[in-house]
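In: with the input below, show me the fold.
(chains A and B)
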Amino acid sequence: MITLDKLSKVFETPGGGTVIAADQVSMEVPEGEICVLLGPSGCGKTTTLKMINGLIPKTNGKIHVAGRDTDELNPVELRRSIGYVIQQIGLFPNMTIQDNICVVPDLLGWDKNKSRKRAAELLELVNLDPGIFLNRYPKELSGGQQQRVGVIRALAADPPVLLMDEPFGAIDPINRAVIQDEFLKMQKEIRKTIAFVSHDIDEAIKMADKIAIFRDGKLEQYSSPDDLLARPANDFIASFLGSDRTLKRLSLLSVSDVMLGDQIRVTAQDDVSRARDMMREAGHKNIVMVGPQGRARGFVHLNDIADVQGRVEEHYQALPTVVNVHDDLRTAVSRMFRHDTTWLACVDDDGFFKGFITQRAISHALGATYRDAATVAAK
Amino acid sequence: METLLFISQNLDVILERTLQHLSIVGVAIGLAILTGVPIGILITLNQRAADIVLYVAAIIITIPSIALFGLMIPVLSLIGHGVGYLPAVIAVLLYSQLPIIRNTYTAISNVDPALREAARGLGMTPIQRLRRVEIPLAVPVVMAGVRIAVVMNIGITAIAAYIGAGGLGVFISRGISQSDPRQLITGALMVSILAIASDYFLLWVQKRLTPASSSSAAPAH
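Out: Predicted coordinates:
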């Protein structure tokens, strides 16, 4: 856990004036969560981050890292107990990848064999083959590979807390998305407490359990990504998040959150009258046809079978597309627009039919937050 | 032809004077590294000190060597070493300061700030940062300064023959005073060969000391 209590930083300018880079910032990053410090450049997010490990000395306030007051710790000891990742990566060009990863364990005087073994394990964790990479030098790696090493170097001594200063900012968009996904997957296992500086809203929404928005050294709002997007506290935050902020919430919800039941389905052998009855009863215009094992095979449209007889297999159409239940709503909406449809069948990883998702259900889900707020306000 | 004959008949003397020559330059450069590198590192901490030290070192290097030897005679006579080996070593030591201090200073202050921040952020003390990161990265540039100092001072040491320091300069000074081109050419030739050979040797040392990353293969992707 990281706790900041009325943390301030005042810089003296050469002209004799002062600049308040951080103004009474109080916040708490709970155990095992990622908190993204977000804001335009010069807002104090990086200053705040660097005060946590003492790279920038604080002017006022208190910092607790993993329950300990940082004032009572030697700054060098403190930094060795906190993982640190920077945008410029900063791998030491005179050391092999192995030695780079083991910098902190070596500083702590750990057993060399033990730390070298751990370096190999960590490389595997980020999908780099230890056999190939352990004895290479940083220059021989691509930018994305270097930053993966930068991240695991910060994890080498297994610190409870990690500070990341725009760690993926210098990586091309495609690799960045891959590394972000890898990192989130890794975080599910390692459960570090992470303070993460970013100026990229989409990155913040993707990575954060909580987002702290800064402006002019002040912490403007501190809440979950969905809450922030749904209820920006003021006009600055609203404009910083963008006029399409409600659309950004699509990536926070997964298909399974708004998916409707999988009981409404027919099989190829069912009579069309059964399909008609089920659709009328449920008020649907379409129904999904599943195979013998329950895989989504096609669908029938109510109008197509209004006056016909026979079995479903004689009248069904192929599904234009399906969506995985683990996908986010952004993907689902994108597929709907692409195929000009208002609903999609949802399947799991093996193609089994799990339910369906409609545009109506999506907009209802996004709107729920606002209706709750309106209800609260009305009381 | 006469010169070659002279060389072949005086191989033992040539070897002795070459060793004398190398001893002056080697001892002086060794001491210059021991003084110049720490000074070069220290002045990275203070811009004003750096300006002053580099300025003084630049003035020293402009003093003509023959004048420097002359200046040292009365001073060192006080301890009975007005001429000979000691003033020669001191002169080379002084002349070597500029290339060594300047290259050390430049190399250390040009270390990528991101590396310095990473080193600090990971919990290295300033001394550990110097030892594990900054000095290893500075070695090639410092060695380049040492090479300049060595080559330059092999030439200057030839003049130290005039204050009785020995070395290959003796061939040259005698060649001039006795109007003997054989000695003159032998001395000049040996000084040149020594300078070139030392330069290549130090280049080899420099490559050995350079982190493998700078000289090895292309990036993986």
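
In: for the rest of this, base every contact and every neighbour count on C-alpha atoms.
Out: OK.

In: least confident secondary structure element in chain B?
Out: Sorting the helices and strands of chain B by mean pLDDT, DSSP states H and E puts helix B:212-215 at the bottom, at a mean of 52.

In: give me the neighbour count for B:G155.
Out: Neighbourhood size, B:G155 [other C-alpha atoms under 10 Å in any protein chain shown]: 19.

In: now the residue lying closest to A:I97 once chain neighbours are set aside: how far from chain B?
Out: Leaving aside its chain neighbours, A:I97 sits nearest to A:L134 (5.3 Å; criterion: C-alpha to C-alpha, 6 or more residues apart in numbering or on different chains). Counting by C-alpha to the nearest C-alpha, to the nearest Å, the separation of A:L134 from chain B is 13 Å.

In: distance check, A:L134 against A:E140.
Out: 12 Å (C-alpha to C-alpha, to the nearest Å).

In: got it, and A:R116?
Out: Per C-alpha to C-alpha, A:R116 is found 20 Å from A:E140.

In: and A:I205, by the same measure?
Out: Distance of A:I205 to A:E140, given as C-alpha to C-alpha: 33 Å.

In: what does B:A118 give?
Out: Counting by C-alpha to C-alpha, the gap from B:A118 to A:E140 is 19 Å.

In: name the residue of chain A that lies nearest to chain B.
Out: For chain A and chain B, the shortest gap (C-alpha to the nearest C-alpha) falls at A:E140, measuring 3.8 Å.

In: what's the local residue count around the residue nearest to A:I97?
Out: When counting by other C-alpha under 10 Å, one arrives at 19 neighbours for A:L134.

In: pull the contacting residues for it.
Out: Going by C-alpha atoms under 8 Å, 6 or more residues apart in numbering or on different chains, A:L134 touches A:T96, A:I97, A:Q98, A:A119, A:A120.

In: pretty sure the second one is touching A:L141, no?
Out: Just to be clear, that refers to A:I97. No. A:I97 is not in contact with A:L141 according to C-alpha atoms under 8 Å; the separation is 9.5 Å.

In: of the two, who's got more company?
Out: A:I97 (28 against 18).

In: read off the pLDDT value for that one.
Out: Turning to A:I97, the model gives it a pLDDT of 95.

In: ok, now B:A144?
Out: pLDDT for B:A144: 92.

In: same question for A:L253.
Out: 87.

In: likewise for the one 4 residues further on?
Out: Predicted confidence (pLDDT) at A:D257: the value is 87.

In: A helix includes it, no?
Out: Yes. The assignment for A:D257 by DSSP: H, G, I helix; E, B strand; the rest coil puts it in a helix.

In: quick check: it vs A:S251, distance?
Out: Noted for A:D257: a distance of 12 Å to A:S251, by C-alpha to C-alpha.

In: B:L194 now?
Out: Separation of B:L194 from A:S251 (C-alpha to C-alpha) stands at 72 Å.

In: B:S8 now?
Out: Taken as C-alpha to C-alpha, the span from B:S8 to A:S251 is 88 Å.

In: with A:I357 instead?
Out: To A:S251, A:I357 is 15 Å away according to C-alpha to C-alpha.

In: out of these two, which sits in the busier spot?
Out: A:I357 (26 against 19).

In: tell me which element that one is part of?
Out: Using DSSP states H and E, A:I357 sits in strand A:353-358.

In: now do A:F236
Out: Per DSSP H and E, A:F236 falls inside helix A:235-241.

In: now the helix or strand just after that helix: average pLDDT?
Out: Where DSSP H and E defines the elements, the next helix or strand beyond helix A:235-241 is helix A:245-248. The pLDDT scores in helix A:245-248 average 88.
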